[in-house]
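# Give me the fold of what follows.
(3 chains)
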Amino acid sequence: MLYLQLFIDGVVSGCAIGLVSVSFSYFYATTGTFHVAHAGIYTFSAYFAWWLVGVGVPFFGALALAVALGGVAGYLTQRLLYERLARNTASPLVMMIASIGLLTVLQNVVAILFTPNIVQFDLTWRLSHLSLGGISLSYPQALILVSSLVIVTALILFSRHSALGKRIRAVTSNPDLAEITRLAPKQVFAIVLAISSAIVAVPGVLIGVDQALQPYTSLLVLLTAVIAMIAGGIGSLRGAFCMSILLAVVQSMSVAFMPGRWSVAAVFGIFIVFILFRPEGLFRSRFSRAF
Amino acid sequence: MTYFSVSNVTKRFGGLVALDDCSFAIEPLRTSCVVGPNGAGKTSIFNVITGFIKPDTGSVVFKGEDITLATRHERVGRGIARTFQNLQLFEELTALENVLVCLKDESANDPLTAIFRPFHTNAVLRRKTAEAAALLEQVGLGHKLDAAASSLSYGQKKLLCIARVLATNAELVLLDEPTSGLAAGALDAMVELIHKLKEQKKTLLVVEHNTQIVQRIADEVLFFHRGHLMAQGTPAEIVANEELGRIYFGKGAGK
Amino acid sequence: MNYFLSFLILAEIFSIAALSTNLLIGVIGIFSVAQAAIMGVGAYTAALLMMAGVPFPLALLAAVLTCAAINVLSSLPSLRLAGDYFIITSFGTQLVATAVFINWQDLTGGATGLMGIPIAEIAGYSFASSQQFALLVTVILIIVATSFWLLMRSPHGKLLHAIRLNEIAAVAAGRKVLRAKVGVAAVSGAYAGVAGALYATYISFIDPVSFDIHVSVLLVTMLVVGGARTLAGSIIGPFLLLAIPQLLALVDIPSTVVGPVRQLFYGVILIAFMLWRPQGIAGRKL
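Numbering: from 1, shown residues only, chains lettered A, B, ... in the order given. Modelled structure (predicted):
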């Protein structure tokens, strides 16, 4: 039963990491920018929701506002930072260092505006449990499970079937061509980062409710998510999501065999094995970037 | 013993067959031009010979030794070097430095020597600088030693590529479209340089589109079509072959 | 006077670490946000050996060798592959190293760290006062900086630049690119080891926070501000950035947010330089 519970916990946290991974992957596959600051938006929107709940806003209202804030922050990041850098013909390295700068800024703005301490949501229901045949699932966990499945499905459908989704894929597959047609890649990039950032606010808030909020730990979540993205095949949303769950389950089950504090090393070890033996990922994507 | 041969080389990229059971051999000290329509596999065969792509099947033999699986630097060490159609210069380095880093001479080419034997390194640096300058002089860039590669004209960049290939001291030199995009004056300079290389006992394999240039430089022509060798012969024979002309120039345009 | 000397010593130690970062990011183009972790390995190695009674020069040598090896190992998986895998390996190395520093308690003292690391002593001469230690660090910085300069101007240094600019062309010219990368990773690791050992014996106390991801990002910031690829850049950067906390100390801000405010400054500087001056103050464009 312990293993089953660990397995379920792994699946749930995998779903949350999966949202981070899928949203990171969506932007990365489109623009090629290694957006480390994704972790900053994750933290920032989570603390924003915590603050809103603290001043009396109902939880779902706070969640919606955090998602909106994430979207706006993402849009502005592309327009004010990445787009300018691209105009200066910045190398990918420069883009990423700027992104690390933005991550540092966001984390510390959180620490200064809200609090540098670990905090928890003041919500009575966050400790309530659902029991399903001996497996226990807390309300926040159930919420993570449902919302991540809904969001990932919605994103995949959006990408395949909506007009905007198709436009984004057109830009992804050929940005140079898109530049001279009427696809307006700059606007598309900003929209993609807005969508990605809105999505990443959801696991930010929900993991915060399920566990706790910390200003500086989101990088570890992002690292796991990016490893899942690479293992799943860059550009494949389904691959990123499935690999996130697999990684999180491995991480969760590993607690039964070794001290939990070594799980970072375990995930990283899996990554090394992956890039040595299967650098193109498990799920080869139809529109992966060549590198 | 054949000097250099490619036997039954096939390379597929997904559904696309870049090289299809391709075989040929070349003699030392001759200049062979590789011609053929776009997509005939000319650059692919260069990539196979220099180790930039691994063939699915087949072998490459140089001076009696199978080098099909040799690493790229091993091949250069044995004496096969190439230029690229898209130049691949070190744009931010000077012309001199571009040549200097390609010199075959490996002495003082490790961090420990550089740090712990500064005087020895200094001597090596002086020697290599002189060598590189001589090579640049030879290709006609003696006046551009300290110019950044990015600041050179297109024709000068192409000459610099030749100087770099000479720096490796290769005996089998592969030139990928050395004359493409050159204006008349630069073109003549390049042809002259190619003749000079022949005098220096280099064996040349040259991808060339311009039939007039082919006639000026080639001892032999290899005609590629759809990934394999269609014909091999003297320039006169190839030009006289009407079927090849039709393939090359399209239907109805044959000479 | 002591205040100034401690600033000088720290800035010089970080200059050595910045040179290590410069070699990787600036010269050969291997991204790294793990140089603090490597420096940490050097610090722990030297500290443990000195606490066990090993003389400083030997402990320094051990730190140098260990760090050279670790830096090569940590970059090895990425050396095989191009592109953004570097980034992950590097973040991963940093996070795993911090996890090891915290969790291998028997060796590293866990989160509380190691205290009472002995003062450096060479052949019976103790560098106990700030003046004496400043002299030691200055001499070592001069040695490291000279080696960097010698390396950069050698034919091998030119090759390292060439590899960053165009790896395919370097391979086509018959250069052993992998060997050059391993070599540069080893030298860079050695520099980080020197910095770590000096840090440990100077502060006499080390803990995992001294070498966490923020310090690595600080090293990248130092490189970016000073400017990549030049010797001057790697010295200007640390001196300027370490002056920021000193200046902040003059402003009256609540003690709980001093750390975050300092970090915020670093982040803003990083973005501003990338936007308006990617070549830094005295370097070349990244």
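# Chain B contacts on the stretch 1-150 of chain C?
C:147, C:150 (CB under 8 Å from any CB of the partner chain). C-beta: built from backbone N, CA, C; applies to glycine.
# Quick one: the strands in the stretch 1-150 of chain C, in order.
C:114-115, C:121-122, C:125-126 (DSSP state E, counting those that start in this stretch).
# Averaged pLDDT, the first one. What do you get?
Looking back up the chat, that one is strand C:114-115. Averaged across strand C:114-115, pLDDT comes to 94.
# helices or strands up against it?
helix C:35-51, strand C:205-206 (3 or more CB pairs under 8 Å, 6 or more residues apart in numbering or on different chains; DSSP states H and E).
# Determine which stretch of the strands of the stretch 1-150 of chain C is the most buried.
Compared across those, strand C:114-115 shows the largest average neighbour count, a mean of 16 (mean count of other CB atoms under 10 Å in any protein chain shown).
# ok, it: who's next to it in the sheet?
The strands beside strand C:114-115 in its sheet (DSSP bridges) come out as strand C:205-206 (antiparallel).
# just to revisit the earlier point, want to try JSON lines for the strands of the stretch 1-150 of chain C, with distance to residue A:70 as columns?
Listed next are these as JSON lines, based on distance: least, CB to CB, whole Å:
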{"stretch": "strand C:114-115", "distance to residue A:70": "41"}
{"stretch": "strand C:121-122", "distance to residue A:70": "55"}
{"stretch": "strand C:125-126", "distance to residue A:70": "56"}
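# right, and the helices and strands packed on strand C:114-115 - which one's nearest residue C:11?
Across the helices and strands packed on strand C:114-115, residue C:11 has its closest neighbour in helix C:35-51 (14.6 Å, CB to CB).
# ok, back up a step: of all the strands of the stretch 1-150 of chain C, which one is nearest residue A:59?
Here strand C:114-115 is closest among these (CB to CB), at 45.0 Å.
# Residues touching the closest one, excluding its own?
The contact list for strand C:114-115 (CB atoms under 8 Å, 6 or more residues apart in numbering or on different chains) reads C:44, C:47, C:48, C:51, C:108, C:109, C:200, C:204, C:205, C:206, C:207.
# Find me whatever residue is spatially closest to the fifth one, sequence neighbours aside.
If I follow you right, that is residue C:108. The spatially closest residue to residue C:108, leaving aside those adjacent along the chain, is residue C:101, at 5.2 Å (CB to CB, 6 or more residues apart in numbering or on different chains).
# Return the per-residue confidence for the one you found.
For residue C:101, pLDDT reads 93.
# for the record, mean pLDDT for the strand or helix carrying residue B:126?
In this structure, residue B:126 sits in helix B:118-139 according to DSSP states H and E. Average pLDDT, helix B:118-139: 94.
# Contacts for it, please.
Contacts to helix B:118-139, defined as CB under 8 Å, 6+ apart, come from residues B:95-97, B:99-100, B:103, B:105, B:107-108, B:113-114, B:142, B:144-145, B:159-160, B:162-163, B:166-167, B:193, B:196, C:150, C:153-155.
# immediately after that helix, which helix or strand?
helix B:154-167.
# Can you list the buried residues in that following helix?
Residues of helix B:154-167 classed as buried: B:155-167 (neighbour count, 16 or more other CB atoms under 10 Å in any protein chain shown).
# what number of residues lie near the residue of chain B found nearest chain A?
Residue of chain B nearest chain A, by CB to the nearest CB: residue B:14 (11.7 Å). Using other CB atoms under 10 Å in any protein chain shown, the number of residues around residue B:14 comes to 5.
# same question, residue A:9
Neighbours of residue A:9 (other CB under 10 Å): 22.
# Pretty sure residue A:252 is one of the things it touches, is it not?
Yes - using CB atoms under 8 Å, residue A:9 is in contact with residue A:252, at 5.1 Å.
# And the next helix or strand past the one helix or strand residue A:239 maps to?
Taking DSSP H and E as the criterion, residue A:239 maps to helix A:237-254. Per DSSP H and E, the first helix or strand lying C-terminal to helix A:237-254 is helix A:263-277.
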